[in-house]
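Colleague: no FASTA, just this:
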């Protein structure tokens with residue numbers, strides 16, 4: 001009779017275990033297309049066996065099996081692969097930010113094209129050359145002034161566009177800093193729930209999926225390290241001790257800054273105390289990016305300490321700002337070289353009034369010594385006869401256009417300076433685009449490996465469902481058979 005009871009109990013446990021497995025399979029199928037979902041598995045193990053007591057021998061250990069139990073609801077996930085993907089996501093975020101910004105900078109110059117600066121430069125130099133052949137021609141002088149004004153305005157506009165890109169990046173930087181803080185808070189909230197559920201003995205797998213999605217999102221913004229405490233569980237599986245994920249972002253002189261999620265002291269305090277090596281319980285709060293003239297822009301912690309980060313969109317923003325500011329400097333130097341070299345010659349020439357007034361052809365607005373402030377001297381715009389295209393020792397030049405010829409011969413040096421600027425932008429833009437494409441391919445391969453392991457295969461789940469169904473039916477048949485056996489025994493006793 002006791003053997004029948006054990007058999008009945010064993011079959012009943014099997015029913016419960018197969019039901020859990022079927023529920024897990026159903027959950028997998030339902031979430032086959034859910035972003036970030038990780039395939040789950042009901043891990044079964046043989047339950048503790050009981051000895052068989054008898055009249056002629058003592059009970060021995062483990063003589064009669066007592067069935068099966070679901071010991072773990074496991075997520076099929078590779079943490080090493082997750083780490084690889086997040087590292088590459090940080091690099092992708094960096095190069096995407098660089099590629100996007102440099103593409104905008106490249107568009108500023110629209111090269112090569114019929115409406116780019118190079119076309120204006122070409123018209124500018126050609127007009128000076130034509131003026132050298134006929135220094136008294138009013139049409140050529142008018143054309144030169146108009147072309148020069150267009151060139152100066154194009155330099156102004158290019159400077160304005162590049163400056164706008166920098167200012168936009170500063171705005172984006174503040175948004176990204178807010179995103180880091182928001183994600184950190186969301187992870188903090190999730191981990192408090194995970195810790196509560198897991199310490200109660202349950203498996204909050206779906207919440208962990210949400211947390212991993214947030215960590216992937218965070219990885220694109222900033223590089224970080226994850227420290228998870230694990231402990232050995234039955235049948236050799238490892239699980240988080242309390243479900244917490246400790247995220248380390250950057251370092252400061254007094255120690256590491258961590259997001260200790262859902263445990264420790266002051267869990268609701270968002271400000272980081274960097275004077276403590278142990279800052280458990282403090283979520284991060286990233287100070288908005290600080291732009292001070294002459295000081296490289298950096299992200300920092302709430303108390304003012306710089307954040308030591310090396311990858312991700314935050315670093316990409318800093319690098320992109322640096323590159324665009326270099327291009328602005330190069331453009332300023334180009335405008336200064338253009339104005340200075342032409343003005344030096346123009347001041348030595350004579351105008352159509354046969355006078356040498358020593359005036360500059362180009363000028364700069366107050367406080368804007370560069371591409372943003374260059375313009376054609378107003379007196380020349382108002383009176384084209386003041387263009388000093390010729391040369392005469394006594395101020396009564398013969399209008400031979402010698403000064404205009406010398407100015408036209410400045411072309412190779414200025415064009416070379418402009419070509420170097422455009423080439424630098426082009427090379428860097430192509431590199432950023434190439435690196436972005438490479439990261440996309442690499443992440444695609446890693447995601448493919450992850451999907452093959454963690455993704456849901458409907459064919460596989462259907463096969464598992466049929467297997468669990470057959471086991472469930474066999475266990476139910478066993479219960480029916482055992483019930484008939486009991487009824488037979490009871491009938492014999494009557």
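Modeller: Happy to help now that I have it. Not measured: the values here are computed from a predicted model.
Colleague: Go through this structure and flag its longest helix.
Modeller: helix 138-199 (DSSP state H).
Colleague: and the next element down the chain from that helix?
Modeller: Note on helix 138-199: by DSSP states H and E, the next helix or strand toward the C-terminus is helix 205-221.
Colleague: what angle do that following helix and helix 138-199 make?
Modeller: Between helix 205-221 and helix 138-199, the angle comes out at 150 degrees (axes from the mean of the first three to the mean of the last three CA atoms, to 10 degrees).
Colleague: tell me how far helix 205-221 is from the chain's mean position?
Modeller: Relative to its parent chain, helix 205-221 has a centroid offset of 14 Å by CA atoms, centre = their mean, to the nearest Å.
Colleague: now do stretch 82-92
Modeller: Put simply, stretch 82-92 sits 10 Å off its chain's centre (CA atoms, centre = their mean).
Colleague: Which residues does it contact?
Modeller: Outside of stretch 82-92, the residues within contact range by CB atoms under 8 Å, 6 or more residues apart in numbering are 212, 215-216, 219-220, 222-224, 226, 311-312, 435-436, 439-440, 442-443, 446-447, 450. Backbone N, C-alpha and C define where each C-beta goes, glycine included.
Colleague: Give me the buried entries from those.
Modeller: Among those, those scoring as buried are 212, 215, 219-220, 222-224, 311-312, 435-436, 439, 443, 446-447, 450 (criterion: 16 or more other CB atoms under 10 Å).
Colleague: From those residues, which one has the minimum pLDDT?
Modeller: Within the set of those, pLDDT is lowest for residue 224 (81).
Colleague: Is the residue lying closest to it once chain neighbours are set aside in a helix, a strand, or coil?
Modeller: Nearest non-adjacent residue to residue 224, counting by CB to CB, 6 or more residues apart in numbering: residue 249, 4.5 Å away. Per DSSP: H, G, I helix; E, B strand; the rest coil, the secondary structure class of residue 249 is strand.
Colleague: So what's the residue count around residue 249?
Modeller: Neighbour count of residue 249, defined by other CB atoms under 10 Å: 26.
Colleague: my guess is it contacts residue 309, does it?
Modeller: Yes - between residue 249 and residue 309 a contact is recorded at 6.8 Å, counting by CB atoms under 8 Å.
Colleague: tell me, what's touching those two both at once?
Modeller: 222-223.
Colleague: What separation is there between the residue nearest to residue 224 and residue 194?
Modeller: Distance, residue 249 to residue 194, by CB to CB, to the nearest Å: 20 Å.
Colleague: do the same with residue 145
Modeller: With the distance defined as CB to CB, residue 145 ends up 72 Å from residue 194.
Colleague: Would you enumerate the residues in contact with residue 331?
Modeller: Counted by CB under 8 Å, 6+ apart, residue 331 has contacts 155, 158-159, 162, 370-371, 421.
Colleague: pLDDT at it, what is it?
Modeller: Reported pLDDT at residue 331 in the predicted model: 95.
Colleague: secondary structure class for it?
Modeller: Relying on three-state DSSP, one would call residue 331 helix.
Colleague: Not including adjacent chain positions, what is the nearest residue to residue 104?
Modeller: Excluding the flanking residues, the one nearest residue 104 by CB to CB, 6+ apart is residue 165, at 5.4 Å.
Colleague: can you pull the contacts of that neighbour?
Modeller: Contacts of residue 165 (CB under 8 Å, 6+ apart): 101, 104-105, 108, 324.
Colleague: Surely residue 458 and residue 29 touch.
Modeller: Yes - here residue 458 reaches residue 29: they are 6.5 Å apart, a contact under CB under 8 Å.
Colleague: The two: who's more crowded?
Modeller: More neighbours surround residue 29 than the other of residue 458 and residue 29, with 14 against 10 (other CB under 10 Å).
Colleague: give me the element the more buried one is part of.
Modeller: Element membership for residue 29, per DSSP H and E: helix 2-30.
Colleague: Output the contacting helices and strands for the next helix or strand after that helix.
Modeller: From helix 2-30 onward toward the C-terminus, using DSSP H and E, the following helix or strand is strand 40-46. For strand 40-46, the packing partners by 3 or more CB pairs under 8 Å, 6 or more residues apart in numbering; DSSP states H and E come out as helix 2-30, strand 68-75.
Colleague: 10 Å - rerun?
Modeller: Packed against strand 40-46 by the contact rule (3 or more CB pairs under 10 Å, 6 or more residues apart in numbering; DSSP states H and E) you find helix 2-30, strand 68-75, helix 205-221, helix 458-493.
Colleague: Tell me how far residue 85 lies from residue 220.
Modeller: Residue 85 is 11 Å from residue 220, by CB to CB.
Colleague: err, residue 375, not the other one
Modeller: From residue 375 across to residue 220, the span is 44 Å (CB to CB).
Colleague: picking up where we left off before, and the furthest pair within the buried ones among the contacts of stretch 82-92?
Modeller: By the measure CB to CB, 212 and 435 form the most distant pair in the buried ones among the contacts of stretch 82-92, at 25.6 Å.
Colleague: lowest average confidence, helix or strand, in this structure?
Modeller: Lowest on mean pLDDT, DSSP states H and E among the helices and strands of the chain sits strand 230-232, with a mean of 41.
Colleague: Now name the helix or strand holding the most centrally placed residue in the chain.
Modeller: In the chain, the residue lying closest to the centroid (CA atoms, centre = their mean) is residue 93, at 2.5 Å. Assigned by DSSP H and E, residue 93 belongs to helix 79-109.
Colleague: Now do the buried residues in that helix.
Modeller: Applying a neighbour-count criterion of 16+ other CB under 10 Å, one finds 82, 84-102, 104-106, 108-109 buried in helix 79-109.
Colleague: looking only at pLDDT, what's the mean for the very next helix or strand once past that helix?
Modeller: Using DSSP H and E, the helix or strand that follows helix 79-109 in sequence is helix 117-133. Taken as a whole, helix 117-133 carries a mean pLDDT of 94.
Colleague: From the contacts of residue 331, pick the one nearest residue 45.
Modeller: Distances from residue 45 to the contacts of residue 331, taken by CB to CB, are shortest for residue 162, at 64.8 Å.
Colleague: That closest one: neighbouring residues, count only.
Modeller: If you count neighbours by other CB under 10 Å, residue 162 ends up with 24.
Colleague: Distance check, it against residue 156.
Modeller: Counting by CB to CB, the gap from residue 162 to residue 156 is 11 Å.
Colleague: what is in contact with those two at once?
Modeller: Common contact partners of residue 162 and residue 156 (CB atoms under 10 Å, 6 or more residues apart in numbering): 371-372.
Colleague: what pairs with residue 70 across the strands?
Modeller: When bridges are called by DSSP bridges, residue 70 pairs up with residue 44.
Colleague: What distance do you get for it to residue 411?
Modeller: Taken as CB to CB, the span from residue 70 to residue 411 is 81 Å.
Colleague: what does residue 108 give?
Modeller: Counting by CB to CB, the gap from residue 108 to residue 411 is 22 Å.
Colleague: now do residue 81
Modeller: 57 Å.
Colleague: Kindly report the same for residue 29.
Modeller: For residue 29 relative to residue 411 (CB to CB), the value is 71 Å.
Colleague: Over to residue 77?
Modeller: Per CB to CB, residue 77 is found 63 Å from residue 411.
Colleague: Over to residue 44?
Modeller: Distance from residue 44 to residue 411, by CB to CB: 82 Å.
Colleague: show me where pLDDT drops low in the stretch 101-250 of the chain?
Modeller: 227-246, 250 (pLDDT under 70).
Colleague: One more pass at 80, please.
Modeller: Residues of the stretch 101-250 of the chain meeting the criterion pLDDT under 80: 110-115, 174, 177-178, 181, 184-185, 188-189, 191-192, 195, 198-201, 225-250.
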